[in-house]
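Asks: Sequence and computational prediction follow.
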Amino acid sequence: MVVRQPRYSKEEFARRGDEIYETQVRSQVEEGNHGKIVAIDIETGAFEVDQSEIAACDRLEAHHPDAQIWIVRIGSRHVRRFGGRTRRTA
């Protein structure tokens with residue numbers, strides 16, 4: 001198993017990931033994918049979408065083995081939640 005070392009601080013990693021999502025990825029994935037996961041390589045801008053974090057990351061790594069991966073849940077500020085869940089109204 002290869003252990004990937006981060007090449008950026010946590011703050012820089014998050015800044016890059018959020019910027020790529022907002023400027024390059026969001027408009028391509030938002031419609032029809034609410035709640036799915038998008039895995040983004042913060043160095044190349046390549047991304048994969050799936051219901052599963054693992055599947056999205058595995059596919060991204062298959063094309064970009066050294067990817068620095070930032071994960072976003074489409075339509076949400078959080079990838080995971082702890083505690084109670086509020087009901088979404090359309």
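Replies: Cool, the structure landed. Numbering: from 1, shown residues only.
Asks: Okay, strands next: where are they in the protein?
Replies: Secondary structure of the chain (DSSP state E): strands at 37-41, 47-50, 69-73.
Asks: Which pLDDT value goes with the most centrally placed residue in the chain?
Replies: When Cα atoms, centre = their mean is applied to the chain, the residue found nearest the centroid is residue 71 (2.2 Å). Looking at residue 71, its pLDDT stands at 95.
Asks: What segments of the protein are helices?
Replies: Using DSSP state H, the helices of the chain run over residues 10-20, 26-29, 53-63.
Asks: I'd like these written out as TSV, with mean neighbour count, distance to residue 78 and mean pLDDT added.
Replies: All C-beta spots, glycine's among them, are computed from the backbone N, C-alpha and C. Below are these laid out as TSV (neighbours: other Cβ atoms under 10 Å; distance: least, Cβ to Cβ, whole Å; pLDDT from 0 to 100):
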stretch	mean neighbour count	distance to residue 78	mean pLDDT
helix 10-20	14	13	94
helix 26-29	13	16	96
helix 53-63	15	13	96
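Asks: Would you tell me which of these gets closest to residue 40?
Replies: When the helices of the chain are compared by Cβ to Cβ, helix 10-20 sits nearest residue 40, at 5.5 Å.
Asks: other SSEs contacting that closest one?
Replies: In terms of contacts (3 or more Cβ pairs under 8 Å, 6 or more residues apart in numbering; DSSP states H and E), helix 10-20 is packed against strand 69-73.
Asks: show me the contacts for the residue nearest to the centre of the chain.
Replies: Taking Cβ atoms under 8 Å, 6 or more residues apart in numbering, we find residue 71 in contact with 37, 38, 39, 40, 53, 56, 57, 79.
Asks: possible to save the helices of the chain as JSON lines with distance to residue 44?
Replies: Formatted as JSON lines, those follow (distance: least, Cβ to Cβ, whole Å):
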{"stretch": "helix 10-20", "distance to residue 44": "9"}
{"stretch": "helix 26-29", "distance to residue 44": "15"}
{"stretch": "helix 53-63", "distance to residue 44": "9"}
